[in-house]
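J.: Show me how the following folds:
(one chain, ligands or ions: 2)
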Amino acid sequence: MKEPAIERILFTEEQIDQRIREVAAEIDARYAGREVKLIGVLKGSVFFLTALARELTVAAKIDFLAISSFANQKAAPGMVRIAKDLDESIEGENVVLVEDIVDTGFTTRYLMQHLAGRNPNSLALCTLLDRTPRRIVQVTVDYRCFEIPDRFVVGFGLDYKQFYRNLKYIAVLNMDAPTSAA
Ligand code: IMP
Ligand code: MG
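T.: Ligands and ions are numbered 1, 2, ... in the order given. The predicted structure follows:
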């Protein structure tokens, strides 16, 4: 099978870095004088989380969870399972869930509910990419770097069959069925 190729670059390394600095400044302003806990979702958000964390000046802890998502399977739309839970409690903490992309919203809504049930002091959502045209369930995005069109994208953490995560830029993949890929 021929692998799909990069069709065009949506956001360059420079654009991404610049935007992350701006979003980090928003988070710094909001949590000034307090501590935050950034929670990343393995594996897609790792690249974004580390870049964001390095731009923050507020005191920040990090933790990760991993999920198995069945959101793109027609048999079980929106089903998400926690494959690796957080290492530490988030009770009383100012939690920021850091996502690679909010697409249909199923994954994010599940995770936000999961985290809200653990009594954080506050809970916010920060995403690298937001693809609102495909939203099915409503989620409140507090911080976003970029809105993207309804095309499958890779890079800066986002994968196609686990490849392309390490691209420094974000690109549209040329696929026969762009919206059916997981
Ligand atoms: P949602 O539950 O539909 O919002 O799906 C979110 C998850 O689907 C993300 O965390 C990604 O892992 C994956 N995903 C959605 N769109 C893309 C894309 O364009 N490229 C790579 N992964 C994607
Ligand atoms: Mg993925």
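J.: near ligand 1, which residues of the chain?
T.: 44, 69, 71, 100-108, 152-154, 158-159 (Cβ under 6 Å from any ligand atom). The way it works is simple: take the backbone N, C-alpha and C, and place the C-beta from them, glycine included.
J.: Sort out for me which of the residues you listed are in strands.
T.: 69, 100-102, 153-154 (DSSP state E).
J.: Switch the residues you listed over to CSV; also include pLDDT.
T.: Listed next are those as CSV, based on pLDDT from 0 to 100:
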residue, pLDDT
Ser69, 68
Asp100, 98
Ile101, 98
Val102, 98
Val153, 97
Val154, 97
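J.: Most neighbours among these, please name it.
T.: Asp100 (25 neighbours; other Cβ atoms under 10 Å).
J.: Roughly how far does that residue sit from Ala51?
T.: Asp100 sits 12 Å away from Ala51, taking Cβ to Cβ, to the nearest Å as the criterion.
J.: between these two, what contacts are shared?
T.: Listed as contacting both Asp100 and Ala51 by Cβ atoms under 8 Å, 6 or more residues apart in numbering is no residue at all.
J.: For Tyr169, give me its contacts.
T.: Here Tyr169 is in contact with 9-13, 16, 155-156 (Cβ under 8 Å, 6+ apart).
J.: Go through those residues and flag which are in helices.
T.: Of the positions in those, 13, 16 sit in helices, assigned by DSSP state H.
J.: and which of the contacts of Tyr169 is nearest to Leu173?
T.: Gly155 (9.2 Å; Cβ to Cβ).
J.: In contact with the closest one, which residues?
T.: Gly155 neighbours (Cβ under 8 Å, 6+ apart): 164-165, 167-171.
J.: for Gly157, same thing?
T.: Per Cβ under 8 Å, 6+ apart, neighbours of Gly157: 43-48, 100, 128, 165.
J.: Which of the contacts of Gly155 fall within strands?
T.: Reading strands off these with DSSP E, I get 170-171.
J.: now this structure, which segments are flagged as low pLDDT?
T.: Filtered on pLDDT under 70, the chain yields the residue ranges 1-2, 69-78, 176-182.
J.: Which residue ranges of it form strands?
T.: Going by DSSP E, the chain shows strands at 5-11, 35-42, 59-69, 80-84, 94-102, 122-130, 143-147, 153-154, 170-174.
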